[in-house]
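Novice: Dropping the sequence and predicted coords here.
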Amino acid sequence: MSDNNLNEAQKRVGVYVCHCGGNISDVVDIKKIVDEISKYHSVVVARDYVFMCSSNGQSLIEDDIKNMGINRIVVAACMPSLHELTFRNAIQRAGLNPYLYEHINIREQVSWVHKDDPQGATSKAILLIKAGVEKVLMQDPLNAIRVNAEHRVLIIGGGISGMRAAVSSADNGIEVVIVEKEKKLGGKLKRDGYVYPSDEKAVDIVNKFSKKILSNPLIKVYTESEIINIGGYVGNFDIKIKKTDGDIDNIKAGSIIVATGFDHYMPYDGEYGYKKSDYVLRLKEFIELLSKSDGLEFVFKGKKINSIGFIHCVGSRQNEGIDTPQADGKVNEYCSRVCCTSGIYTMNKLKEKFPDVNVYDVYADIRTYGMESESLYEIASKHDVIFFRRPLDERPQITFEGDKIKITTTDILSFNERLEMEVDMLVLLTGMKPSEIDDISGYLKLSKSTNRFLQEVHPKLRPVEMNINGVFAAGTSLSPMDITESLQSAQTAAMKSAILLSNPDIPLDPFVAVVDEERCTGCGRCVEECLYSGAVTITEKTIDGNIKKVAYVNPAMCKGCGACVAACSERAIDLNGSRLSQFEAMIDAIVKE
């Protein structure tokens, strides 16, 4: 019998409660929940397990579907964004429609916020689960929406991540279009000097990838070009590209990889003496200077350099009230992760080239993560680099005395002794900032983290995936990364894009708005409230022999946000999987207790 034809007595609900390894069970009484829910109407079985998301936990659900005829599932666990897909897949493997499922969050919404009231938390969990049962009882089986896919990927940015993603995508047989704003590919690696951990020349890495890209017939490259609009949806993105000569090309792509990279932090005039002296440089400037310096002595602008100071965390790990805010009024509280390793790697290069130069390193904390990177710190110590650890909430003071630069700082390692050192040159280890891509993120409505980098759906469960279907991100558009990490994230983005485009069409979740055309008056309020251009429009249709204006929802573009539902006074628009009638049933279940 089709699930659509089941009466209430034939709907059999299974409820599964997760301990979450103590995150839930340390606060709520799991046994009481299971006992109470097992008596609730339409619930055939209620079980608990230490980790429902584990293979054993999933097997409990699958076995009950197959052996007990369970045809509705409620899981009470952590937040749905973590494991909702996990349980849907388990349900589907057992032969049940994956959308006959409701996920109840009793970790973030119960145990974590009611630790001081276990009894109240338990009662709340029971009410939420009962509400979930009521909702799933009214759930119809849904089918995934399928959209045709253009077998082409757009890659925004031609740095190391964009190039890696392009080569990987082409290797998978996917057509690629790269859009780069600069004259040449390469991004921040178009410079002199070496990179860690491979110890290769930066330009050699760029040249290696450039040759592969420019010789591959599947890859088309736009340089000195910019994207001026992105429309459409997963599988069918419409992109306008403005070229240097002013011409505009229109292309279609099935997926998009954002690899827009980072910008180096630019100290304000006078910050640590920057721009007050030619001998105060950022690390990137110093690396290029060092690569061009030869001979027995280190000379810059006619001055012999005998001593150099390095200061960490310039533009990173900033504190409100101490550091100057950025343009948006916020300070950069995050750690840029790679500055320490890059700086110490450069100090070792300096000492290998000019062993007699004295090097002083002023840091708050050193982060040389990774097996190979940690060895750089040991090598620097053997090179007689002298390290001074400053307090995190204190900034070294920089003054100029003749042709010398004086650094004044507190050194925690010498029991907070106040130290002064004179150097001939000062190098600032500046952090990473995400590139300014307000236009791109605006076209695609991409989420950003509090640190302004692009925000993944989930860094562990859904890495490199954006909040918009078909859009991925790679490299330092996501967070500060070294080259190895950037290459890995680009490879991941390319593989996920290739998987998405591997079939003629793409399945999408059916949780979209639907219109009751008989109730719809064509007023257009839903269109006004919709945040996604083209998702809801007003069209004319012939209904019962009469021409009538009604709302039309493009299911491929609708994000199921519900803004249109709230705007409709006629209740002519609703959401699949979250209908108003279902929420009313949930509320009834809660208030009647």
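Specialist: Yep, that arrived.
Novice: can we go C-alpha only for contacts and neighbour counts from here?
Specialist: Noted.
Novice: Need the nearest residue in space to Glu465, chain neighbours excluded.
Specialist: Closest residue to Glu465 apart from its sequence neighbours, by C-alpha to C-alpha, 6 or more residues apart in numbering: Phe472 at 4.7 Å.
Novice: Wait, that neighbour touches Ile257, no?
Specialist: Yes. Using C-alpha atoms under 8 Å, Phe472 makes contact with Ile257 at a distance of 4.7 Å.
Novice: shared neighbours, these two?
Specialist: Residues touching both Phe472 and Ile257 (C-alpha atoms under 8 Å, 6 or more residues apart in numbering) are 493, 497.
Novice: what sits up against stretch 474-484?
Specialist: Contacting residues not belonging to stretch 474-484 are listed as 160-162, 257-262, 336-338, 432-435, 453-456, 464, 485-487, 489-490, 493 [C-alpha under 8 Å, 6+ apart].
Novice: on that earlier part again, wait, a strand at the residue nearest to Glu465?
Specialist: Yes. With the criterion set as DSSP: H, G, I helix; E, B strand; the rest coil, the secondary structure at Phe472 is a strand.
Novice: Quick check, pLDDT for His458.
Specialist: Per-residue confidence at His458 stands at 87 (pLDDT).
Novice: Can you say which helix or strand has the residue positioned nearest the centre of the chain in it?
Specialist: The structure's the chain has its C-alpha centroid closest to Glu456; by C-alpha atoms, centre = their mean the separation is 1.9 Å. Glu456 belongs to no helix or strand when assigned by DSSP states H and E.
Novice: Make sure it is actually in contact with Asn469.
Specialist: No. Taking contact to mean C-alpha under 8 Å, the distance of 11.8 Å between Glu456 and Asn469 leaves them out of contact.
Novice: What ranges does the stretch 401-550 of the chain have for its strands?
Specialist: 404-411, 417-423, 425-430, 432-434, 471-473, 505-508, 513-515, 536-543, 546-553 (DSSP state E, counting those that start in this stretch).
Novice: could you redo these as CSV and give each row mean neighbour count?
Specialist: CSV is the format used below for the strands of the stretch 401-550 of the chain (neighbours: other C-alpha atoms under 10 Å):
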stretch, mean neighbour count
strand 404-411, 20
strand 417-423, 15
strand 425-430, 26
strand 432-434, 23
strand 471-473, 27
strand 505-508, 17
strand 513-515, 21
strand 536-543, 15
strand 546-553, 18
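Novice: With distance to Asn105 and mean pLDDT added, can I get the ones you listed in a markdown table?
Specialist: Output for the strands of the stretch 401-550 of the chain, formatted as a markdown table (distance: least, C-alpha to C-alpha, whole Å; pLDDT from 0 to 100):
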| stretch | distance to Asn105 | mean pLDDT |
| --- | --- | --- |
| strand 404-411 | 48 | 98 |
| strand 417-423 | 52 | 96 |
| strand 425-430 | 41 | 98 |
| strand 432-434 | 33 | 95 |
| strand 471-473 | 27 | 98 |
| strand 505-508 | 23 | 91 |
| strand 513-515 | 24 | 96 |
| strand 536-543 | 31 | 91 |
| strand 546-553 | 30 | 94 |
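Novice: Relative to Asp323, which of the ones you listed is closest?
Specialist: Closest approach to Asp323 among the strands of the stretch 401-550 of the chain (C-alpha to C-alpha): strand 425-430, 13.9 Å.
Novice: re earlier: show me the contacts for the residue nearest to the centre of the chain.
Specialist: With contacts defined as C-alpha under 8 Å, 6+ apart, Glu456 is in contact with 447, 462-467, 473, 478.
Novice: Filter those residues down to the buried ones.
Specialist: Among the contacts of Glu456, those scoring as buried are 447, 463-467, 473, 478 (criterion: 16 or more other C-alpha atoms under 10 Å).
Novice: Between the residues you listed, which sits nearest Gly315?
Specialist: Proximity to Gly315 was ranked across those by C-alpha to C-alpha; first place goes to Leu478, at 17.6 Å.
Novice: Run a quick check on Glu297 versus Ser307, I expect a contact.
Specialist: No. At 11.6 Å, Glu297 and Ser307 do not qualify as touching, with contact defined as C-alpha under 8 Å.
Novice: okay, those two: which has more neighbours?
Specialist: Ser307 (19 against 15; other C-alpha atoms under 10 Å).
Novice: Now do the contacts for the more buried one.
Specialist: Remark: with contacts taken as C-alpha under 8 Å, 6+ apart, Ser307 is in contact with 357-360, 422-425.
Novice: ok, the residue nearest to Glu465 - contacts?
Specialist: 255-258, 464-466, 493, 497.
Novice: Inside helices: which ones of the residues you listed?
Specialist: 493, 497 (DSSP state H).
Novice: quick one: which of the contacts of Phe472 is nearest Ile241?
Specialist: Proximity of the contacts of Phe472 to Ile241, judged by C-alpha to C-alpha, is greatest for Ile256, which lies at 13.8 Å.
Novice: And the longest helix seen in the chain, how far out from the chain middle?
Specialist: Counting residues, the longest helix found in the chain (DSSP H) is helix 118-137. With C-alpha atoms, centre = their mean, to the nearest Å as the basis, helix 118-137 stands 32 Å off its chain's centre.
Novice: List every C-alpha atom in that helix, with coordinates, as CSV.
Specialist: As requested, the backbone C-alpha atoms of helix 118-137 are provided in CSV (Å, rounded to 0.1, in the frame of the first residue of the first chain):
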residue,chain,number,x,y,z
PRO,A,118,17.8,17.9,35.1
GLN,A,119,14.2,17.3,36.0
GLY,A,120,13.0,20.3,33.9
ALA,A,121,15.3,19.3,31.1
THR,A,122,13.9,15.8,31.0
SER,A,123,10.3,17.1,30.9
LYS,A,124,11.2,19.5,28.1
ALA,A,125,12.9,16.7,26.1
ILE,A,126,9.7,14.6,26.4
LEU,A,127,7.5,17.5,25.2
LEU,A,128,9.8,18.2,22.2
ILE,A,129,9.8,14.5,21.2
LYS,A,130,6.0,14.3,21.4
ALA,A,131,5.8,17.4,19.2
GLY,A,132,8.1,15.6,16.8
VAL,A,133,5.9,12.6,16.7
GLU,A,134,2.9,14.7,15.9
LYS,A,135,4.8,16.4,13.1
VAL,A,136,6.1,13.3,11.5
LEU,A,137,2.6,11.7,11.6
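Novice: If you count contacts, what does it end up packed against?
Specialist: Under the contact criterion of 3 or more C-alpha pairs under 8 Å, 6 or more residues apart in numbering; DSSP states H and E, helix 118-137 touches helix 30-38, strand 72-77, strand 101-105, helix 580-591.
Novice: Pairing partners for the second one, with directions?
Specialist: In the sheet containing strand 72-77, its partner strands are strand 13-18 (parallel), strand 101-105 (parallel), by DSSP bridges.
Novice: Between helix 118-137 and it, find me the angle.
Specialist: In this structure, strand 72-77 runs at an angle of 150 degrees to helix 118-137, with axes from the mean of the first three to the mean of the last three C-alpha atoms, to 10 degrees as the basis.
Novice: What residues of the helix or strand just after strand 72-77 count as buried?
Specialist: Next along the chain after strand 72-77, taking DSSP H and E as the criterion, comes helix 80-93. Of the residues in helix 80-93, those buried under the neighbour-count criterion (16+ other C-alpha under 10 Å) are 80, 83-84, 86-91.
Novice: For helix 80-93, which helices and strands make contact with it?
Specialist: Contacting helix 80-93 under the criterion 3+ C-alpha pairs under 8 Å, 6+ apart are the following elements: helix 55-68, strand 101-105.
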